[in-house]
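Peer 1: give me coordinates for this.
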Amino acid sequence: MTGPAMLKEFEDNWVTAMGAWFPGERVVLRGKDVLSDLGRRPWMEYLVYAITGRESPELARLIEGIWAISCSYPDPRLWNNRVAALAGTSRSTGVLAIASAVSVTEATLYGLRPIKRAMDFFYRADSKLKQGQSLEEVIRTELKSFRVVSGYGRPIAETDERISPLLRFAKTLGKGNGPYVKLALQVHDYLKNSRYKNQINIAALAAAILADEGLSPEDLYNLATLAFVAGMFPCYIDARQKPEGALYPLRTTRINYRGAETRHWG
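Peer 2: Presented below is the predicted three-dimensional model:
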């Protein structure tokens, strides 16, 4: 059904099993009452249930730890944090600062897209390995198709300081030893000892840990959307408390300008 017929079907009509607000009565999410049940649980459990439909305090704690260890750093030099800090130095509101910073978290080289692609790679790689391909064949095909293996390599530093802390945290919950984590480390060993020299970064490890929990790439993407926010607020607040326009100013003599010379008016 398309066109006017489809629109007519949805006019004043939204059929959903996700939930609804009943003014003056109750709120329902995925069949559970928010006010008497879900609202009493930790926020991360609520979020996990809203996105995945799964009730799991353990999974919520795992994701919470991944967020804290991997993503929310109070440094305005980071690409999305810089947007929040720029909003602060221009005296914008907190809502606009954080919303804008979250929007650029969906970057190609950093953030949400590499995390999602890393999990997708692990699922595809696992399928190919089970069909009899070698790990080397899988990796070479990935490099030929995309020029990268998502979740490996880091433009700023050779190694990722977050890998060991995240593995230690995951193991306190009995996680971090599943087949996808093992696959992620096998890919790391191959790439590190190849001519590419790429090592595992936090996107691959987080994706592998949560692949072992049965999450889909879309689940991971949705759950990671707000993962950087706790690092954005300090950058915004800090910049707002400093002089207006003071964030990373550049004197004009430092700019290699090759345009028109100074023009005189009048």
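Peer 1: next SSE downstream of the helix or strand harbouring residue 6?
Peer 2: Taking DSSP states H and E as the criterion, the element that holds residue 6 is helix 3-10. Taking DSSP H and E as the definition, the helix or strand that follows helix 3-10 towards the C-terminus is strand 19-22.
Peer 1: any low-confidence regions in the stretch 151-266 of the chain?
Peer 2: Counting by pLDDT under 70, the stretch 151-266 of the chain shows low-confidence ranges at 266.
Peer 1: all strands of it, in order?
Peer 2: Applying DSSP state E, counting those that start in this stretch to the stretch 151-266 of the chain gives no strands.
Peer 1: where along it do the helices fall?
Peer 2: According to DSSP state H, counting those that start in this stretch, the stretch 151-266 of the chain carries its helices in the segments 163-172, 179-192, 202-211, 217-224, 229-241.
Peer 1: out of the ones you listed, nearest to residue 83?
Peer 2: helix 229-241 (8.1 Å; Cβ to Cβ). Placement of C-beta: from N, CA and C, glycine included.
Peer 1: residues contacting that closest one, please?
Peer 2: 67-68, 71-76, 78, 80-82, 84-89, 91, 94, 97-98, 101-102, 246-247 (Cβ atoms under 8 Å, 6 or more residues apart in numbering).
Peer 1: same question, stretch 169-176
Peer 2: Applying Cβ under 8 Å, 6+ apart, the contact partners of stretch 169-176 are 58, 61, 62, 65, 69, 166, 167, 177, 209, 212, 213.
Peer 1: need these in TSV (columns: neighbour count and distance to residue 30).
Peer 2: Below are the contacts of stretch 169-176 laid out as TSV (neighbours: other Cβ atoms under 10 Å; distance: Cβ to Cβ, whole Å):
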residue	neighbour count	distance to residue 30
58	12	19
61	18	20
62	24	20
65	19	24
69	19	29
166	20	29
167	17	32
177	12	30
209	27	24
212	20	24
213	18	18
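Peer 1: packing partners for the longest helix seen in the chain?
Peer 2: The helix of greatest length in the chain, counted in residues with DSSP state H as the criterion, is given as helix 112-130. Other elements packing on helix 112-130 under the criterion 3 or more Cβ pairs under 8 Å, 6 or more residues apart in numbering; DSSP states H and E are helix 135-146, helix 179-192, helix 202-211, helix 217-224.
Peer 1: for it, what is the average pLDDT?
Peer 2: Looking at helix 112-130 alone, the average pLDDT works out to 96.
Peer 1: gap between that helix and the chain center?
Peer 2: Using Cα atoms, centre = their mean, to the nearest Å, the distance from the centre of helix 112-130 to the centre of the chain it belongs to is 15 Å.
Peer 1: what is the orientation angle of it with helix 217-224?
Peer 2: Relative orientation of helix 112-130 versus helix 217-224 (axes from the mean of the first three to the mean of the last three Cα atoms, to 10 degrees): 150 degrees.
Peer 1: helix 112-130 to helix 135-146, inter-axis angle?
Peer 2: Using the same axes, to 10 degrees, the interaxial angle of helix 112-130 with respect to helix 135-146 works out to 140 degrees.
Peer 1: ranking the helices and strands packed on helix 112-130 by burial, who's on top?
Peer 2: Mean neighbour count, computed with mean count of other Cβ atoms under 10 Å, is highest for helix 202-211 among the helices and strands packed on helix 112-130, reaching a mean of 27.
Peer 1: list the contacts of that one.
Peer 2: Contacts of helix 202-211 with the rest of the structure, by Cβ under 8 Å, 6+ apart, involve 62-63, 66, 70, 114-116, 118-119, 122-123, 150-152, 160, 162-163, 166-167, 170, 175-176, 178, 180-181, 183-184, 187-188, 219-220, 223-224.
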